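> Fold the following and give me the result.
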Amino acid sequence: MSTVMSMCGSIGDASQLVMRGRLRESDQLRRRSGLALPLELRYDEYYVDIAENRVLRAATERLLRVPRLPSSISRRLRHLLSRLSDAGRVVPGLPLPATPTTRLNARYQPALALARMALHGRSVDVLDAGVRATGFLVNMNAVFEDFVTVALTEALAAFGGQCVAQDTRHQLDMARRVRLRPDLVHYGASGHPKGVVDAKYKAEGPAGYPYADLYQMLAYCTPLELPQGHLVYAEGGSARDIAGRHTEITIVQHAVDLGGSVASLLDRMAQLARELASTGSPDPMQV
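Sure, this is the predicted structure:
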């Protein structure tokens, strides 16, 4: 399906050297008797500045303003916007142009419905609201881990150093066969680890969080030589410190309220970044 819809605006007659539209046989015989060229043609003039394309352009421009868009998505949106550059802009504050279903725009109705939802800040749900959408599954474990990793990386940038996601440069055993993979490791300017974080899309149960998460974080802190590790959960109570026996390692369990706004979630990540920076292992270059 073509990305950009065009509509017939007018019918034109012209003499041209290449075939375009329909040949006007009677005019060709009368005016060009015995000549192959030029051709007497009749053709339709199409233009893209129509209501459907204005709505699609407005939605594309709105989606491009969404923060933290993956480069692949923003690249496709910019390409679509270039295709819609000849369509007029929708005036902010005014109602969107009407796009009643016709034979010509029937195949564009799903795209127009999504565009209107984006412009009105709406989404789809499982309720019977009269909106048909393609269903798909999302790995929420990966989504939560990615959110925590990206948000903390941005928040920790103010404290210097470098953050590495899914860091696989460290091993648990002396033979270096058991490779570790924490969600995020914060390094100081010297390259020495200052903090480690692992995100868990889990809720606190009656008996607390799973013990396996504590064992995993303890395994991270030991070869990283960190006195403290941080576990970030998707739901639970207040932060809890768990000090290990016969070791100086403390594991802190944090909970994030996913029911809040995006701004509140980012504030929570900024707070966690401050805690991580203030309680992390000192950088040898700053000691």
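
> Ile242 is in what secondary structure piece?
Counting by DSSP states H and E, the element that carries Ile242 is strand 240-243.

> ok, residues contacting whatever helix or strand comes next after that strand?
Once strand 240-243 ends, the next helix or strand along the chain (criterion: DSSP H and E) is strand 250-255. For strand 250-255, the surrounding residues in contact (CB atoms under 8 Å, 6 or more residues apart in numbering) are 204, 209, 214, 217-218, 221, 227-244, 272, 275. Quick note: C-beta positions are derived from backbone N, CA and C, even for glycine.

> Whichever of those residues end up buried, select them in ChimeraX.
Selection of buried members from these for ChimeraX, criterion 16 or more other CB atoms under 10 Å:
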select :204,209,214,217,221,228,229,230,231,232,233,234,236,242,272,275
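
> Is Leu56 in a helix, a strand, or coil?
helix (DSSP: H, G, I helix; E, B strand; the rest coil).

> Just the pLDDT for the spatially closest residue to it that is not a sequence neighbour.
In this structure, Leu56 finds its nearest non-sequential neighbour in Ala115, 5.4 Å apart by CB to CB, 6 or more residues apart in numbering. We have a pLDDT of 91 for Ala115.

> So what touches the host helix or strand of Ala115?
Using DSSP H and E, Ala115 sits within helix 109-119. Residues outside helix 109-119 that contact it (CB under 8 Å, 6+ apart): 52, 55-56, 58-60, 62-63, 96, 99, 101, 105, 123-124, 131-132.

> let's see 7 Å
Residues outside helix 109-119 that contact it (CB atoms under 7 Å, 6 or more residues apart in numbering): Glu52, Val55, Leu56, Ala58, Ala59, Arg62, Leu63, Leu96, Thr99, Thr101, Ser123, Val131.

> Helices - which of those land there?
Residues of those located in helices (DSSP state H): Glu52, Val55, Leu56, Ala58, Ala59, Arg62, Leu63.

> What residues does Met217 make contact with?
Asp198, Gly229, Leu231, Ile251.

> Kindly confirm my reading that the second one forms part of a strand.
Yes - the assignment for Gly229 (three-state DSSP) places it in a strand.

> so it touches Thr222, yeah?
No - with contact defined as CB atoms under 7 Å, Gly229 does not reach Thr222; the gap is 9.6 Å.

> which intervals of the stretch 1-150 of the chain have sub-threshold pLDDT?
By pLDDT under 70, the low-scoring segments of the stretch 1-150 of the chain are 1-12, 14, 16-18, 20-21, 23, 25, 28-29, 43-45, 124-134.

> contacting residues for Gly195?
Counting by CB under 7 Å, 6+ apart, Gly195 has contacts His186, Leu226, His230, Leu276, Gly280.

> what does Thr60 give?
Leu77, Leu80, Leu81, Leu84.

> Could you check the pLDDT of Arg179?
So, for Arg179, pLDDT stands at 94.

> mind checking the SS state of the residue nearest the centre of the chain?
For the chain, Leu69 is the residue whose C-alpha lies nearest the centre (CA atoms, centre = their mean; 4.1 Å). The local conformation at Leu69, judged by three-state DSSP, is coil.

> Thr168 versus that one, what's the distance?
For Leu69, the distance to Thr168 (CB to CB, to the nearest Å) stands at 27 Å.

> How many residues are close by Phe144?
20 (other CB atoms under 10 Å).

> immediately after the one helix or strand it maps to, which helix or strand?
For Phe144, the host element (DSSP H and E) is helix 140-156. As assigned by DSSP H and E, the chain's next helix or strand after helix 140-156 is strand 162-165.

> Show me which residues of that next one are buried.
Cys163, Ala165.

> Show me what that strand pairs with in its sheet, parallel or antiparallel.
Sheet pairing of strand 162-165 (DSSP bridges) gives strand 184-187 (antiparallel).

> how many degrees apart are the next helix or strand after the strand it pairs with and helix 140-156 in direction?
Per DSSP H and E, strand 184-187 leads on to strand 193-203 as the next helix or strand towards the C-terminus. Per axes from the mean of the first three to the mean of the last three CA atoms, to 10 degrees, the angle that strand 193-203 makes with helix 140-156 is 140 degrees.
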